[in-house]
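*Asks:* Sharing a model prediction with you, sequence too.
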Amino acid sequence: MAQTYHRQVALDTETTGMDIEAGNRLISIGCVEIVGRSITKRTFYKLIDPEREVEEGAAKVHGYTWDKLKGKPYFIDIVDDFLAFIKGSQLIIHNAAFDVAYLNMELARLGKGPITDYCEGVLDTLPLAKSLRPGQRVSLDALCSAYGINNTDRTLHGALIDAKLLAQVYLAMTRGQESLDISSVDMKSLPPMPDVSKLRVVKASAEEEALHLKTLQAIDKESKGNLVWKTEADTEQSAS
(Lines give C-alpha, C1' and ligand atoms only; values in the text may rest on other atoms or scores of the structure.)
Protein backbone atom coordinates (compact mmCIF):
# COMPACT_ATOMS: atom_id res chain seq x y z
CA MET A 1 0.00 0.00 0.00
CA ALA A 2 1.28 3.46 -0.93
CA GLN A 3 2.34 5.59 1.99
CA THR A 4 -0.01 8.39 2.96
CA TYR A 5 1.15 11.74 4.30
CA HIS A 6 -0.78 13.86 6.77
CA ARG A 7 1.17 17.00 5.81
CA GLN A 8 2.07 17.92 2.24
CA VAL A 9 3.44 21.07 0.63
CA ALA A 10 2.66 22.11 -2.93
CA LEU A 11 5.78 23.82 -4.26
CA ASP A 12 6.78 25.82 -7.31
CA THR A 13 9.85 27.83 -8.30
CA GLU A 14 10.76 30.44 -10.90
CA THR A 15 14.26 30.81 -12.32
CA THR A 16 16.47 33.08 -14.41
CA GLY A 17 16.32 30.58 -17.27
CA MET A 18 15.58 26.99 -18.24
CA ASP A 19 19.15 25.67 -18.61
CA ILE A 20 20.69 24.98 -15.21
CA GLU A 21 24.03 24.14 -16.87
CA ALA A 22 24.23 27.73 -18.12
CA GLY A 23 24.46 29.00 -14.56
CA ASN A 24 20.82 29.96 -14.10
CA ARG A 25 19.53 30.51 -10.56
CA LEU A 26 16.31 30.57 -8.55
CA ILE A 27 14.41 33.84 -8.33
CA SER A 28 11.44 32.71 -6.24
CA ILE A 29 9.99 29.85 -4.21
CA GLY A 30 6.29 29.41 -3.42
CA CYS A 31 4.82 26.84 -1.04
CA VAL A 32 1.26 26.03 0.07
CA GLU A 33 0.53 23.73 3.01
CA ILE A 34 -1.93 20.82 2.78
CA VAL A 35 -2.86 19.04 6.03
CA GLY A 36 -5.19 16.04 6.01
CA ARG A 37 -6.10 16.83 2.39
CA SER A 38 -7.21 20.33 3.34
CA ILE A 39 -5.42 23.43 2.06
CA THR A 40 -4.48 25.56 5.04
CA LYS A 41 -3.75 29.29 5.17
CA ARG A 42 -0.02 28.67 5.75
CA THR A 43 2.17 29.62 2.81
CA PHE A 44 5.81 30.39 2.15
CA TYR A 45 6.83 32.82 -0.58
CA LYS A 46 10.11 34.59 -1.22
CA LEU A 47 11.59 36.55 -4.09
CA ILE A 48 15.35 36.04 -4.38
CA ASP A 49 18.17 38.11 -5.81
CA PRO A 50 19.76 35.65 -8.29
CA GLU A 51 23.02 37.60 -8.51
CA ARG A 52 22.88 37.43 -12.31
CA GLU A 53 20.84 38.60 -15.29
CA VAL A 54 17.47 37.04 -16.06
CA GLU A 55 17.20 35.59 -19.55
CA GLU A 56 14.76 37.42 -21.82
CA GLY A 57 12.61 34.35 -22.40
CA ALA A 58 12.27 33.66 -18.69
CA ALA A 59 11.42 37.30 -17.96
CA LYS A 60 8.54 37.11 -20.44
CA VAL A 61 7.17 34.09 -18.55
CA HIS A 62 7.26 35.42 -14.99
CA GLY A 63 7.76 39.15 -15.46
CA TYR A 64 10.93 39.60 -13.39
CA THR A 65 14.21 41.12 -14.50
CA TRP A 66 17.36 41.31 -12.40
CA ASP A 67 16.72 45.01 -11.82
CA LYS A 68 13.39 44.15 -10.16
CA LEU A 69 15.09 41.54 -7.96
CA LYS A 70 18.09 43.54 -6.79
CA GLY A 71 17.76 44.26 -3.09
CA LYS A 72 15.74 41.10 -2.45
CA PRO A 73 17.28 38.56 -0.05
CA TYR A 74 19.80 36.04 -1.36
CA PHE A 75 19.04 32.33 -1.18
CA ILE A 76 21.35 32.01 1.84
CA ASP A 77 19.14 34.52 3.67
CA ILE A 78 15.89 32.55 3.21
CA VAL A 79 17.08 28.93 3.12
CA ASP A 80 16.61 28.18 6.84
CA ASP A 81 13.03 29.48 6.86
CA PHE A 82 12.28 27.54 3.68
CA LEU A 83 13.67 24.27 5.02
CA ALA A 84 11.78 24.75 8.29
CA PHE A 85 8.53 25.20 6.35
CA ILE A 86 8.88 21.96 4.34
CA LYS A 87 10.21 19.87 7.24
CA GLY A 88 8.15 16.73 7.83
CA SER A 89 6.13 17.11 4.64
CA GLN A 90 5.82 15.39 1.28
CA LEU A 91 6.50 17.89 -1.51
CA ILE A 92 3.97 18.06 -4.37
CA ILE A 93 5.64 19.45 -7.51
CA HIS A 94 4.54 19.58 -11.17
CA ASN A 95 7.49 18.46 -13.33
CA ALA A 96 9.52 17.88 -10.17
CA ALA A 97 12.81 17.16 -11.95
CA PHE A 98 13.15 20.82 -12.95
CA ASP A 99 12.39 22.38 -9.54
CA VAL A 100 14.33 19.76 -7.58
CA ALA A 101 17.42 20.27 -9.75
CA TYR A 102 17.43 24.01 -9.03
CA LEU A 103 16.74 23.54 -5.32
CA ASN A 104 19.54 20.98 -5.06
CA MET A 105 21.91 23.28 -6.94
CA GLU A 106 21.19 26.20 -4.60
CA LEU A 107 21.54 23.96 -1.54
CA ALA A 108 24.83 22.52 -2.83
CA ARG A 109 26.23 26.03 -3.28
CA LEU A 110 25.79 26.45 0.48
CA GLY A 111 27.29 23.06 1.30
CA LYS A 112 23.91 21.55 2.17
CA GLY A 113 22.50 18.19 1.15
CA PRO A 114 19.73 17.58 -1.41
CA ILE A 115 16.14 18.65 -0.81
CA THR A 116 15.11 15.09 0.08
CA ASP A 117 17.28 15.38 3.21
CA TYR A 118 14.82 17.97 4.53
CA CYS A 119 11.41 16.55 3.56
CA GLU A 120 9.62 13.20 3.57
CA GLY A 121 9.73 12.72 -0.19
CA VAL A 122 8.65 14.28 -3.48
CA LEU A 123 5.55 13.48 -5.55
CA ASP A 124 5.66 14.58 -9.20
CA THR A 125 2.16 15.41 -10.43
CA LEU A 126 3.24 15.46 -14.11
CA PRO A 127 3.40 11.66 -14.59
CA LEU A 128 0.30 11.34 -12.37
CA ALA A 129 -1.61 13.68 -14.71
CA LYS A 130 -0.35 11.79 -17.78
CA SER A 131 -1.59 8.49 -16.35
CA LEU A 132 -5.01 9.98 -15.56
CA ARG A 133 -5.35 11.88 -18.85
CA PRO A 134 -3.45 9.87 -21.50
CA GLY A 135 -2.91 11.74 -24.73
CA GLN A 136 -4.26 15.01 -23.32
CA ARG A 137 -2.52 18.25 -22.36
CA VAL A 138 -1.20 18.19 -18.79
CA SER A 139 0.10 21.72 -18.27
CA LEU A 140 -1.07 23.42 -15.09
CA ASP A 141 -3.46 25.63 -17.08
CA ALA A 142 -4.89 22.60 -18.91
CA LEU A 143 -5.41 20.73 -15.64
CA CYS A 144 -7.12 23.75 -14.07
CA SER A 145 -9.51 23.81 -17.02
CA ALA A 146 -10.12 20.06 -16.84
CA TYR A 147 -10.92 20.10 -13.12
CA GLY A 148 -12.87 23.35 -13.03
CA ILE A 149 -10.30 25.34 -11.06
CA ASN A 150 -10.35 29.12 -11.53
CA ASN A 151 -6.95 30.30 -12.79
CA THR A 152 -7.98 33.68 -14.19
CA ASP A 153 -5.53 35.44 -11.84
CA ARG A 154 -2.62 33.64 -13.49
CA THR A 155 -1.71 36.20 -16.15
CA LEU A 156 1.99 35.38 -15.62
CA HIS A 157 3.74 32.43 -14.02
CA GLY A 158 4.39 33.03 -10.33
CA ALA A 159 5.73 30.62 -7.73
CA LEU A 160 3.02 31.26 -5.11
CA ILE A 161 -0.02 31.41 -7.39
CA ASP A 162 1.20 28.31 -9.24
CA ALA A 163 1.68 26.47 -5.94
CA LYS A 164 -1.87 27.43 -4.89
CA LEU A 165 -3.30 26.16 -8.18
CA LEU A 166 -1.18 23.01 -7.99
CA ALA A 167 -2.52 22.24 -4.51
CA GLN A 168 -6.08 22.37 -5.86
CA VAL A 169 -5.20 20.35 -8.97
CA TYR A 170 -3.48 17.68 -6.88
CA LEU A 171 -6.48 17.29 -4.57
CA ALA A 172 -8.83 17.13 -7.56
CA MET A 173 -6.73 14.49 -9.32
CA THR A 174 -6.50 12.32 -6.21
CA ARG A 175 -10.03 12.81 -4.91
CA GLY A 176 -11.40 9.45 -3.81
CA GLN A 177 -7.99 7.90 -3.06
CA GLU A 178 -8.02 9.01 0.56
CA SER A 179 -9.69 7.27 3.50
CA LEU A 180 -13.48 6.88 3.30
CA ASP A 181 -13.69 8.66 6.64
CA ILE A 182 -14.27 12.29 5.65
CA SER A 183 -15.45 13.52 9.04
CA SER A 184 -12.21 15.45 9.58
CA VAL A 185 -12.01 16.96 6.07
CA ASP A 186 -12.91 20.61 5.53
CA MET A 187 -15.14 20.21 2.49
CA LYS A 188 -14.97 23.94 1.68
CA SER A 189 -11.25 23.62 1.01
CA LEU A 190 -11.68 21.03 -1.74
CA PRO A 191 -11.62 22.16 -5.38
CA PRO A 192 -15.05 22.57 -7.04
CA MET A 193 -16.47 19.73 -9.09
CA PRO A 194 -16.84 20.42 -12.82
CA ASP A 195 -20.27 21.66 -13.98
CA VAL A 196 -22.19 18.56 -15.10
CA SER A 197 -25.55 20.28 -15.69
CA LYS A 198 -25.06 20.28 -19.48
CA LEU A 199 -23.85 16.70 -19.85
CA ARG A 200 -25.75 14.72 -22.48
CA VAL A 201 -26.99 11.30 -21.31
CA VAL A 202 -26.93 8.62 -24.01
CA LYS A 203 -29.02 5.56 -23.16
CA ALA A 204 -28.21 2.09 -24.43
CA SER A 205 -30.30 0.74 -27.30
CA ALA A 206 -32.34 -2.47 -26.97
CA GLU A 207 -29.70 -4.29 -29.01
CA GLU A 208 -26.92 -3.03 -26.70
CA GLU A 209 -28.91 -4.03 -23.61
CA ALA A 210 -29.43 -7.52 -25.04
CA LEU A 211 -25.71 -7.86 -25.76
CA HIS A 212 -24.92 -6.63 -22.24
CA LEU A 213 -27.25 -9.25 -20.75
CA LYS A 214 -25.68 -11.99 -22.89
CA THR A 215 -22.22 -10.99 -21.66
CA LEU A 216 -23.38 -11.03 -18.02
CA GLN A 217 -24.92 -14.47 -18.48
CA ALA A 218 -21.64 -15.81 -19.87
CA ILE A 219 -19.68 -14.35 -16.96
CA ASP A 220 -22.27 -15.66 -14.48
CA LYS A 221 -21.98 -19.15 -15.94
CA GLU A 222 -18.18 -19.05 -15.88
CA SER A 223 -18.17 -17.86 -12.25
CA LYS A 224 -20.76 -20.50 -11.25
CA GLY A 225 -23.38 -17.99 -10.20
CA ASN A 226 -21.03 -15.60 -8.38
CA LEU A 227 -21.51 -12.56 -10.59
CA VAL A 228 -21.18 -9.75 -8.03
CA TRP A 229 -22.93 -6.96 -9.98
CA LYS A 230 -25.96 -9.01 -11.07
CA THR A 231 -29.26 -7.18 -10.43
CA GLU A 232 -32.70 -8.66 -9.79
CA ALA A 233 -33.75 -7.54 -13.27
CA ASP A 234 -30.81 -9.43 -14.78
CA THR A 235 -31.82 -12.58 -12.85
CA GLU A 236 -35.43 -12.34 -14.04
CA GLN A 237 -34.39 -11.80 -17.68
CA SER A 238 -31.94 -14.68 -17.48
CA ALA A 239 -34.65 -17.03 -16.15
CA SER A 240 -37.20 -16.02 -18.82
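*Replies:* Perfect, thanks for sending it. Numbers count the residues shown, from 1 in each chain.
*Asks:* Can you spell out the domain ranges of this structure, please?
*Replies:* Residue ranges for the domains of the chain, per automatic domain parsing: 7-189, 206-239.
*Asks:* Ok, which of these comes nearest residue 200?
*Replies:* Residue 200 lies closest to domain 206-239 among these, at 16.7 Å (Cβ to Cβ). To be clear about C-beta, it is placed using only N, CA and C from the backbone, and glycine gets the same treatment.
*Asks:* re the thing from before, check the domains of the chain for me and report the most buried one.
*Replies:* Comparing the domains of the chain by mean neighbour count (mean count of other Cβ atoms under 10 Å), domain 7-189 comes out on top with a mean of 17.
*Asks:* still on that earlier bit, output the domains of the chain in JSON lines, with mean pLDDT and distance to residue 199 appended to each entry.
*Replies:* Listed next are the domains of the chain as JSON lines, based on pLDDT from 0 to 100; distance: least, Cβ to Cβ, whole Å:
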{"stretch": "domain 7-189", "mean pLDDT": "91", "distance to residue 199": "13"}
{"stretch": "domain 206-239", "mean pLDDT": "72", "distance to residue 199": "19"}
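*Asks:* I'd like those as a markdown table, with distance to residue 200 appended.
*Replies:* Putting the domains of the chain into a markdown table (distance: least, Cβ to Cβ, whole Å) gives the following:
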| stretch | distance to residue 200 |
| --- | --- |
| domain 7-189 | 18 |
| domain 206-239 | 17 |
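*Asks:* Okay, residue 84 and residue 78: tell me how far apart.
*Replies:* According to Cβ to Cβ, to the nearest Å, residue 84 stands 11 Å off from residue 78.
*Asks:* Can you tell me the closest non-neighbouring residue to the residue nearest to the spatial centre of the chain?
*Replies:* By Cα atoms, centre = their mean, the chain has its centre lying nearest to residue 170, at 3.2 Å. For residue 170, ignoring the flanking residues on the chain, the nearest one in space by Cβ to Cβ, 6 or more residues apart in numbering is residue 92 at 5.1 Å.
*Asks:* Could I get the contacting residues of that neighbour?
*Replies:* 8-11, 34, 123, 125, 166-167, 170 (Cβ atoms under 8 Å, 6 or more residues apart in numbering).
*Asks:* from those residues, which ones fall inside strands?
*Replies:* 8-11, 34, 123 (DSSP state E).
*Asks:* for the protein, what spans make up the helices?
*Replies:* Taking DSSP state H as the test, the helices found in the chain are 56-62, 66-69, 75-86, 96-109, 125-132, 140-146, 159-173, 206-222, 232-239.
*Asks:* What residues are bridge-paired with residue 35?
*Replies:* residue 7, residue 38 (DSSP bridges).
*Asks:* My guess is it contacts residue 5. True?
*Replies:* No: here residue 35 lies out of contact with residue 5, judged by Cβ atoms under 8 Å, at a distance of 9.7 Å.
*Asks:* Spit out the residues that contact the two alike.
*Replies:* Joint contacts of residue 35 and residue 5 (Cβ under 8 Å, 6+ apart) do not exist.
*Asks:* need the helices of the chain in JSON lines with distance to residue 16, can you?
*Replies:* Shown next, in JSON lines, are the helices of the chain (distance: least, Cβ to Cβ, whole Å):
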{"stretch": "helix 56-62", "distance to residue 16": "6"}
{"stretch": "helix 66-69", "distance to residue 16": "8"}
{"stretch": "helix 75-86", "distance to residue 16": "12"}
{"stretch": "helix 96-109", "distance to residue 16": "10"}
{"stretch": "helix 125-132", "distance to residue 16": "22"}
{"stretch": "helix 140-146", "distance to residue 16": "20"}
{"stretch": "helix 159-173", "distance to residue 16": "13"}
{"stretch": "helix 206-222", "distance to residue 16": "58"}
{"stretch": "helix 232-239", "distance to residue 16": "64"}
